[in-house]
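Participant: based on what follows, work out the 3D shape:
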Amino acid sequence: MSSSASAASAPAGANEPKLTLYGGSNGVGRRVTVRDLALAKQRGERWPMLTAYDALTAGVFDEAGIPVLLVGDSAADNHLGYTNTVPVTVDELIMLTAAVVRGTKRSLVVADLPFGSYQASAKQALETGTRFLKEAGAGAVKLEGGRRVVHQVEALVQAGIPVMAHLGLTPQSVNVLGGYRVQGRSDEEAERLLADAKSLEAAGAFAVVLELVPEELAARVTELLTIPTVGIGAGVQCDAQVLVWTDMAGMTPGKAPRFAKKYADMRTVLRDAAQAYASDVVNGAFPAAEHTFH
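Facilitator: Have a look, this model is predicted:
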């Protein structure tokens, strides 16, 4: 059989470069999409997600092959100096999201809708979500809540805005939840979370974050849904995992959360570099001849 005949008989797309979520696109010159995440669920491919709040670190994570970057409202207490996620504004997150988009080429950039920007109505959610896509270039948005935000999810998806949902510990509701504690331990809480997850999938969400949920419950949700689950403190059975990048890299001061693994000690590295620079300045060692013009 001739090569031209073989090409004609091959199924459409058979010769196109294949995209794997982690580690590179093998020649696919585009961003990761929500469809890629759905296909990964079908073939059992796990994938990592990290938060990002600026172009520089986002670019590093993009080069590392991280397929999804979340511009989380966690920027409030991990980047902007607030005590929790509640105070951060839409305008602040739009600025950070735009920076992450500009700093990346491949990662799907998901933007958090901050507290007070979507809870009132589907109309409010649509207005806020539209801003993140039009002004910041986000590829999707994320919001917290179960059945109470189904109408918001439906409105966003019908308008063409992909939605990542968030169940379990929802930090924007920390005052109602009574602190940062594991959710879904009782039978009643577990059944409510399962019902919420099914409702969000039916409303059109493309993925759901499960935060501080017992591993057994997260496994049930993951098996029940056809959309990916993204765990944070929810065990290894989820389809994906997410960490706040400052926890992952050892930048967060104090003791890291139990669910976070510290893969580096960047806080010490950066502090040591700053002290070495300061010492050189004080002692007249910087700038040296190679840093000076005549």
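
Participant: what about residue 217, which helix or strand?
Facilitator: Residue 217 is located in helix 215-224, with elements delineated by DSSP states H and E.

Participant: now the nearest residue to residue 259 once chain neighbours are set aside: phi and psi?
Facilitator: In space, and not counting its chain neighbours, residue 259 is closest to residue 233: 3.2 Å by C-beta to C-beta, 6 or more residues apart in numbering. Every residue, glycine included, has its C-beta placed from N, CA and C. The phi/psi pair for residue 233 (degrees, to the nearest 10) reads phi 70, psi 30.

Participant: same thing with the one 10 residues further on?
Facilitator: Residue 243 has phi and psi values of phi -130, psi 150 when expressed as degrees, to the nearest 10.

Participant: how about stretch 46-55: buried residues?
Facilitator: Residues of stretch 46-55 classed as buried by neighbour count (16 or more other C-beta atoms under 10 Å): 47-55.

Participant: next, format those residues as CSV and append secondary structure.
Facilitator: Shown next, in CSV, are the buried residues of stretch 46-55 (DSSP: H, G, I helix; E, B strand; the rest coil):
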residue, secondary structure
47, strand
48, strand
49, strand
50, strand
51, strand
52, coil
53, coil
54, coil
55, helix
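
Participant: among those, which one lies nearest to residue 204?
Facilitator: residue 49 (19.7 Å; C-beta to C-beta).

Participant: show me the contacts for the residue nearest to residue 259.
Facilitator: 169, 182, 211-213, 257-259 (C-beta atoms under 8 Å, 6 or more residues apart in numbering).

Participant: element containing residue 182, please.
Facilitator: Using DSSP H and E, residue 182 sits within no helix or strand.

Participant: is it in contact with residue 215, as I believe?
Facilitator: No: taking C-beta atoms under 8 Å as the definition, residue 182 is not a contact partner of residue 215, at 10.4 Å.

Participant: list the buried ones in the helix or strand hosting residue 191?
Facilitator: According to DSSP H and E, residue 191 maps onto helix 187-203. Residues of helix 187-203 classed as buried: 189-190, 192-194, 196-197, 199-201, 203 (neighbour count, 16+ other C-beta under 10 Å).

Participant: next: stretch 252-259.
Facilitator: Buried residues in stretch 252-259 (16+ other C-beta under 10 Å): 252, 256, 259.
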